[in-house]
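> generate coordinates for the sequence data below:
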Amino acid sequence: GRAEYTVRRVDTDARHAFTVLVSNDFVDTGRDGSVSSEFFWPPSGSRWEFLPGKNALPAGVTIPMPDCSAAPEIPSPATDREALVAFFNATGGANWTDSTNWLSTGPIGEWHGVTTDDSGRVVQLLLRENNLSGGIPSDVGNLTAVTRLDFQGNELTGSIPGTLGNLSNLDRLDLDHNRLTGQIPAQLQNLVNLRLMDLDNNQLTGPIPSWLGSMTDLEFLSLGDNPLGGRIPPELGNLTNMQVLGILDAHLTGTIPAELGNLSNLVELNLSSNDLEGAIPSELGRLTALTYLSLRSNELTGPIPSELGNLSSLESLYLFENRLSGEIPSNLGNLSNLEGLLLHDNQLSGQIPTWVGNLSRLRSLNLRINGFTGGIPAELGRLSNLTYLNLRSNELTGPIPTELGNLSSLEELYLYENQLSGPIPSQLGNLSNLTRLSLSDNELTGSIPSSLGNLVNLELLRLADNQLTGCVPLSLQVVADNDYTALGLPFCSN
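Here you go, the predicted model:
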């Protein structure tokens with residue numbers, strides 16, 4: 001026969017709470033047989049009781065109590081408390097900016113930065129900008145119910161513990177702006193639910209692991225401002241849920257993988273300030289959700305792909321400080337949402353396209369230090385939202401268009417180091433918000449318009465190295481940053 005008995009642990013230690021089902025098998029009726037446990041995990045020294053209403057064990061039968069003290073503890077609020085205490089001690093908790101209730105005997109959910117669920121398990125640990133120092137202890141890997149860790153903006157050092165890979169429920173990992181070192185641990189690829197990983201502004205070394213391409217739930221990945229080195233893994237093109245990808249100033253080399261064009265949900269892509277080379281992949285033109293694209297300050301060559309004109313949501317296009325060549329492709333005229341077009345410090349040529357004047361939302365246009373020729377398009381005068389216009393150090397000729405006087409929002413205008421000729425348009429005196437005006441090193445002639453004296457917000461004025469005559473309007477005497485000495489003209493009398 002077979003009889004079953006249910007017993008319960010009665011220890012006061014809250015870390016272990018479970019029920020054991022014990023069966024008693026008989027060879028035949030009335031004879032005692034062996035007792036075996038179908039599930040048995042008490043540590044040594046346990047005390048047990050029978051639950052009400054259950055059968056008593058036959059006379060002379062005992063329940064064996066094996067020593068399982070070396071077995072792992074079941075995660076509980078008590079084990080979470082131990083992990084938090086270890087974290088506090090390892091990260092200089094006594095010097096934290098805010099350590100309210102930490103190490104108290106009250107519920108850990110009342111400790112500053114700790115959020116718990118209904119069972120008392122830690123689900124969030126948010127301690128950004130709290131003067132944490134020292135290393136992240138491996139004990140944090142025991143917080144297996146946690147969904148968000150945020151230690152941003154502290155002074156944490158040492159490596160990222162591989163035990164963080166145990167946190168299978170983790171949704172957000174913010175470790176940016178610390179002083180962490182070493183490589184990104186491979187165990188993090190176990191975080192299959194992770195949507196945000198922010199490790200930027202540390203001292204992490206590379207290369208960027210290709211296994212990141214398997215973390216397909218990732219929506220935000222920021223690894224910038226680390227000396228990672230190496231190439232961008234093409235496997236990152238598998239992260240089709242990615243919305244923000246930032247790996248700037250990370251000492252990256254090689255080319256931009258064409259596979260990044262598969263990131264159909266990408267909203268921001270920032271690969272600036274690296275040593276990337278080669279052409280801009282035309283496949284990036286498939287990223288139709290993109291609003292921000294920065295590839296600035298690299299060693300990119302070749303033309304600007306016309307396919308970038310397909311990025312109808314794009315608001316910021318930053319390609320400056322590369323070695324790009326050729327003309328600005330006409331397809332960029334389709335970017336009706338563009339607010340910032342920064343193409344300066346390249347080797348671009350041809351004329352400044354007239355269609356730029358149709359980009360009505362444009363606030364910043366910088367084409368300086370290129371090889372543009374021809375005149376300044378009068379159509380630029382239609383850009384009523386423009387606050388910054390820089391065309392300096394090109395090979396522009398002809399007059400300054402009077403239409404620039406319509407740029408009512410303009411705050412900075414730089415046209416110096418070109419071959420512009422003719423007079424300074426009096427209409428520039430209408431630019432009431434202008435703070436900086438530089439027209440030096442051209443071939444301008446005639447007198448300085450008295451209307452420039454209306455520019456009461458002007459802080460910088462450069463007019464030297466032209467062929468100007470006459471005098472400087474007396475009202476311009478208050479402009480602090482000027483080149484009047486080099487200009488060599490007197491101030492006008494009253």
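> go ahead and confirm G357 touches G381.
Yes - between G357 and G381 there is a contact at 7.2 Å, judged by Cβ atoms under 8 Å. For every residue, glycine as well, the C-beta is placed using N, CA and C.
> now do the phi/psi pair for the nearest residue to T387 once chain neighbours are set aside.
Closest residue to T387 apart from its sequence neighbours, by Cβ to Cβ, 6 or more residues apart in numbering: E411 at 4.8 Å. Here is the backbone geometry of E411 (degrees, to the nearest 10): phi -110, psi -30.
> what's the answer for the one 5 residues further on, then?
Torsion angles at Y416 (phi, psi; degrees, to the nearest 10) stand at phi -80, psi 160.
> next up, the contacts around it.
Contact analysis of Y416 by Cβ atoms under 8 Å, 6 or more residues apart in numbering lists 392-393, 438-442, 462.
> measure the closest residue to G285 other than its chain neighbours to N442 for me?
Nearest residue to G285, sequence neighbours excluded (Cβ to Cβ, 6+ apart): E307, at 2.6 Å. As judged by Cβ to Cβ, to the nearest Å, E307 and N442 stand 36 Å apart.
> tell me which of those two has more neighbours.
N442 (24 against 18; other Cβ atoms under 10 Å).
> wait, the more buried one sits on L415?
Yes - counting by Cβ under 8 Å, N442 touches L415, with 7.1 Å between them.
> what do these two both touch?
By Cβ under 8 Å, 6+ apart, no residue touches both N442 and L415.
> looking at P58 now. What's its pLDDT?
The model reports P58 with a pLDDT of 53.
> the one 3 residues further on too?
The model reports V61 with a pLDDT of 52.
> pretty sure the residue nearest to T387 contacts S432?
No - assessed by Cβ under 8 Å, E411 is found out of contact with S432, at 10.2 Å.
> what do these two both touch?
By Cβ under 8 Å, 6+ apart, no residue touches both E411 and S432.
> between the two, which is the more surrounded one?
The neighbour comparison of E411 against S432 (other Cβ under 10 Å) goes to E411, with 15 against 12.
> residue contacts, that one?
Taking Cβ under 8 Å, 6+ apart, we find E411 in contact with 387-388, 433-436.
> are any of those residues buried, and which?
Buried members of the contacts of E411, counted by 16 or more other Cβ atoms under 10 Å: 387-388, 434-436.
> can you flag which of these belong to strands?
When DSSP state E is applied, these are split such that 388, 436 fall in strands.
> what residue ranges in the stretch 1-150 of the chain are flagged as low confidence?
Filtered on pLDDT under 70, the stretch 1-150 of the chain yields the residue ranges 1-74.
> which parts of it are strands?
For the stretch 1-150 of the chain, the strands defined by DSSP state E, counting those that start in this stretch occupy 2-9, 19-25, 35-37, 48-50, 114-116, 122-126, 133-135, 148-150.
> can you confirm the residue nearest to G285 is in a helix?
Yes - checked against DSSP: H, G, I helix; E, B strand; the rest coil, E307 lies within a helix.
> check contacts around it.
For E307, the contact set (Cβ under 8 Å, 6+ apart) comprises 282-286, 331.
> let me know the closest of those residues to L156.
Comparing those against L156 with Cβ to Cβ places L284 closest, at 34.9 Å.
> secondary structure class of that closest one, three-state.
Three-state call for L284 (three-state DSSP): helix.
> T116 - nearest residue in space that isn't next to it in sequence?
In this structure, T116 finds its nearest non-sequential neighbour in G109, 3.6 Å apart by Cβ to Cβ, 6+ apart.
> is it possible to get a markdown table of the buried ones among the contacts of E411 that adds distance to A480?
Formatted as a markdown table, the buried ones among the contacts of E411 follow (distance: Cβ to Cβ, whole Å):
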| residue | distance to A480 |
| --- | --- |
| T387 | 21 |
| Y388 | 20 |
| L434 | 14 |
| T435 | 11 |
| R436 | 11 |
